[in-house]
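In: sharing a model that was predicted from the sequence below.
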Amino acid sequence: MNWLLNLPPQASSVAKGIDWLHYSVILTTFAGVALVAVIAAYFVIRYRRRDDGPTPRIVAPGWLEGGVIVVLLVLFVGWWVVGFQQYRELETAPSNAIPVYVTAKQWMWKFQYADGPSSTDVLVVPVNQPIKLIMQSRDVIHSFFVPAFRIKQDVVPGRATTAWFEAIAPGTYDIECAQYCGTRHSLMRGQVVVLPAAQFELWRANAEPDHFGGKGDGSGLAAYGRVVAADHGCLRCHTLDGTPSIGPTWLASFGRTRRLADGTDVLIDEQYLTESMMEPNSQIAAGFQPVMPTYRSQLEPADVAAIVELIRSLRDAAPSHDEPRPTHDVIQRGAP
Amino acid sequence: MTDYLRAESGIRSWLGTTDHKRIAIMYLCAVTIAMMLGGAFAMLLRTKLLISGPGIMEPLTYNRLFTWHGLTMVFMFMIPAIPAVFGNFMLPIMVGAKDLAFPRINLASFYVYCAGAALMLWGMVHGGADTGWTFYAPYATTSPTDVAPIAIGVFILGVSSIMTGLNFIATVHMLRVEKLGWMQLPLFVWAIYATSIIQVIATPVLGLSVTLVALDHALGMGLFDPALGGDPVLFQHLFWFYSHPAVYIMILPAMGVVTEIAPTFARKNILSYRAIAFSSLGIAFVGFLTWGHHMFVAGISQLDAALFGVMSMFVAIFSAVKVFTWIGTLYRGSIALTTPMLYFFAFIYLFAFGGMTGIAVATTSLDVHWHDTYFVVAHFHFIMIGGTLTAFLGAIHYWFPKMFGREYPEKCGVLSAIGVFVGFNLTFVPQFLLGNAGMPRRYYSYPDQFHVLNVCSTLGAYLLGAVMVFTLGYLIVAVFTGKRTSANPWGSRGFEWRVPSPPPTENFDEPLDPTIGCYDYDRA
């Protein structure tokens, strides 16, 4: 069936289920079309024109029409229910997923592990390990598509979007940009290299250090996040140690629910944090003033990713008031 | 009384006419030119795709061409094709009227169409738009090409479309002949009526969104550009709020056409009048609530995805009911396999096949993989070419004797119908398989494993193109030299067949008598 439909290999944990649903939709509807075709062919032969006489008036009885509608409804809504459950699974990353920050730009993909290694157009991941992609675009809309994993997610500038996958077989799989993004759209391709766990560790240990100095030792992106946050004055209003300040503290906030000024609750995740940098006043935390300016054109996607990773890295830390204040603080450094 | 073709002569009698039939003929010429142009773009695209790497053109040229192909086919051909040609010609006759409610607005709509088309073509000549016909921001608002003239052209074409729609709605309400109730109307009228409602309600939103894109691009207003505080996903909502219903603007009239062809050539009443009529209205209504299914992977909420997904399934139910009703109409009929009937069968098969793949992409989790791949391209073309173009060709053959008072060569017609069917399948079935394998749409170059199927698809496109040229050729010859025909060569009960072929200028010598209904084949 897979071969007949020319589908790519089922290389992720969700691929089999999705293909199964696809087979059932395609086979059932194909059978329906074939049935219609056979009946039509039979009618054409059986009732071919023999004379110019009148034909009987036949009107479909109500029960037949109603019955057809009910059968179709049950069938279609059934597929929709299964499909929507799978969709929720695709949209919700498991909690043990390793984050990878992805920056899309015309016409390349950049991948950044929180603890250091980064790469362009080639994403190296361990097998049987959920990976969560936190994606931003520097310019226009792109779409991250790995056919063998059956995943696709648009990457929208000004927002963070996420996708996740768990590769189930080592190998190399194509990444394609699926959203038209300009002249070299069709060349915005890359590869996911899935390695056995041991080989992945070897790769990580030997990976070239990125420009943040990280090298698989945990010092990478979050440390850079502190630099970015300090440089942009974030830490004048947000603290890292739980101390109350002008803005909410970043300590132990990620993954929790926050009450907003309008009374609704929001989950603090990558999307919320990114939106709070781009559109700070759209979702004000309860008890705080809407005083934060937008950082829309001041933060590069890599900076946003670094700050998000910093906040994420503080998610389980306990409040401690004796942590030293960051030394990159712009006021302390006397920057304008 | 002389027929409308010979009532007056000279070019000015055509350009200044308010006769709906003459305006329909002018539209027929215009949309045929647009179709051949859009088809020529498609041939160039398919030729490029014969090889996987760089080929006969630069990437930028390729991107422009697929944009122009989409724009030309959608806005200049598909949307006006059946309503403005066959709706214009047949609808007044089918309701027993002398003309549309507003004949001068009808003529004006044609010139507005020409103005919009001219502006778009001018924009293309000046290297306009490599944005895709969907104008997705912020690419469209920052594109290196000139977007504004083309976007304004789309706006103007939309105005023309609204004028036509309003005219049809007013005509159906106000000008029905005495004793012709709603439930005695020919079902083609119902289809055109439902289409007109969509045109009038949805098209202003299209005008709004393309205008905003043009302003964004020309003046850097940043409405959809996040770098300036705009929201690109908002554009997608606005665009699809029109452009999803727009596919029903394109397919509903086609459904209306086949609903007229089947009873005539099966000599049989429609199996369920109300199922066809109300499913047209149902599609028109529910069609407004499905636009988000274009955005399952664009970052919309799960609730949105759930609602838009289930609404899309309802459209599929309406469509399936129609297919069963058409086939059921043949039961115990008296079937003649003429060219229009062959097109009817081609339509049924292609539309049903396109519809079933539509269910696959309406299923949210499946759409994640198939979205923006050739699977969607194939699905869309099965409905739009397999559905609308096939019905357009069926309509032109079916109503050819009525419109021109002449016969077309039947053998050529049969050849054309078979050629279109074979060429179409050869073009688009490989594209389903390419989409399954994960080839994204709008790809100038592609990985080598997609090569064989792309070559098949291109060969199919050449066949389809050749058949279209052949069809155009014999029809043009037949317009001038075809054998004269009688008022009702098919023996149809349809109202339009009760007037002479071609009809006189004011359609009826004596008022239409609807006592014998247009599908009453049980009476001698």
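Out: Ah, there it is.

In: contact partners for the closest residue to B:P489 other than its chain neighbours?
Out: The shortest distance from B:P489 to any non-neighbouring residue, by CB to CB, 6 or more residues apart in numbering or on different chains, is to B:P401 (5.0 Å). For glycine as for every other residue, the C-beta is placed from the backbone atoms N, C-alpha and C. Contacts were defined as CB atoms under 8 Å, 6 or more residues apart in numbering or on different chains; by that measure B:P401 touches B:407-408, B:485, B:489-490, B:501.

In: tabulate these (CSV), appending pLDDT and distance to A:L251.
Out: Below are these laid out as CSV (pLDDT from 0 to 100; distance: CB to CB, whole Å):
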residue, pLDDT, distance to A:L251
B:E407, 95, 85
B:Y408, 96, 80
B:T485, 94, 86
B:P489, 94, 85
B:W490, 94, 81
B:S501, 90, 84
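
In: in the residues you listed, which residue is surrounded by the most others?
Out: Highest neighbour count within those, by other CB atoms under 10 Å in any protein chain shown: B:Y408, with 23 neighbours.

In: hmm, the longest helix that chain B contains touching chain A?
Out: What stands out as the longest helix in chain B, according to DSSP state H, is helix B:232-266. Yes: Helix B:232-266 lies within reach of chain A by CB under 8 Å from any CB of the partner chain, at B:232-233, B:266.

In: quick one: the next helix or strand after that helix near chain A?
Out: Proceeding N to C from helix B:232-266, the next assigned helix or strand is helix B:273-286, under DSSP states H and E. Yes: counting by CB under 8 Å from any CB, chain A has neighbours in helix B:273-286: B:273, B:275.

In: residues of helix B:273-286 that come out buried?
Out: B:273, B:275-277, B:279-286 (16 or more other CB atoms under 10 Å in any protein chain shown).

In: what about stretch B:352-371, start to end distance?
Out: Stretch B:352-371 stretches 20 Å from its first residue to its last (CA to CA, to the nearest Å).

In: hmm, it touching chain A?
Out: Yes: Stretch B:352-371 comes into contact with chain A (CB under 8 Å from any CB), by way of B:352-353, B:355-357, B:359-360, B:362-366, B:368-369, B:371.

In: same question for stretch B:301-316.
Out: Yes: applying CB under 8 Å from any CB, one finds stretch B:301-316 touching chain A at B:302, B:305-306, B:309-310, B:313, B:316.

In: and of the buried residues of helix B:273-286, the nearest to B:L65?
Out: In terms of CB to CB, no member of the buried residues of helix B:273-286 lies closer to B:L65 than B:I283, at 31.8 Å.

In: residue contacts, the residue in the stretch 301-450 of chain B that chain A sits nearest to?
Out: Closest approach of the stretch 301-450 of chain B to chain A (CB to the nearest CB) occurs at B:G438, with a separation of 2.6 Å. B:G438 makes contacts with A:8, A:145, A:147-148, A:174, A:176, B:369, B:373, as judged by CB under 8 Å, 6+ apart.

In: for the closest residue to A:G247 other than its chain neighbours, report the pLDDT, please.
Out: Excluding the flanking residues, the one nearest A:G247 by CB to CB, 6+ apart is A:C237, at 4.0 Å. At A:C237, the model reports a pLDDT of 88.

In: and A:C237, how far is that from A:F254?
Out: For A:C237, the distance to A:F254 equals 18 Å [CB to CB, to the nearest Å].

In: and what of B:S52?
Out: In terms of CB to CB, B:S52 sits 45 Å off from A:F254.

In: neighbour count winner among these two?
Out: The residue with more neighbours, out of B:S52 and A:F254, is A:F254; 21 against 18, by other CB under 10 Å.

In: tell me, how many residues neighbour the one residue in the stretch 151-300 of chain A that gets nearest to chain B?
Out: In the stretch 151-300 of chain A, no residue comes nearer to chain B than A:G158, which is 2.7 Å away by CB to the nearest CB. Number of residues near A:G158 (other CB under 10 Å) recorded here: 24.

In: point out where the stretch 101-250 of chain A drops to low pLDDT.
Out: Across the stretch 101-250 of chain A, residues meeting the criterion (pLDDT under 70) sit at A:208-219.

In: go ahead and confirm B:I327 touches A:V36.
Out: Yes: the pair B:I327 / A:V36 is scored as a contact, 5.6 Å apart, by CB atoms under 8 Å.

In: local confidence estimate at residue 257?
Out: Picking chain A for this. For A:T257, the model assigns a pLDDT of 89.

In: meant chain B, my bad for not saying
Out: Looking at B:V257, its pLDDT stands at 97.

In: list the helices and strands the host helix or strand of A:A230 packs on?
Out: Here A:A230, judged by DSSP H and E, is contained in helix A:221-231. If contacts are counted by 3 or more CB pairs under 8 Å, 6 or more residues apart in numbering or on different chains; DSSP states H and E, helix A:221-231 sits against helix A:301-313.
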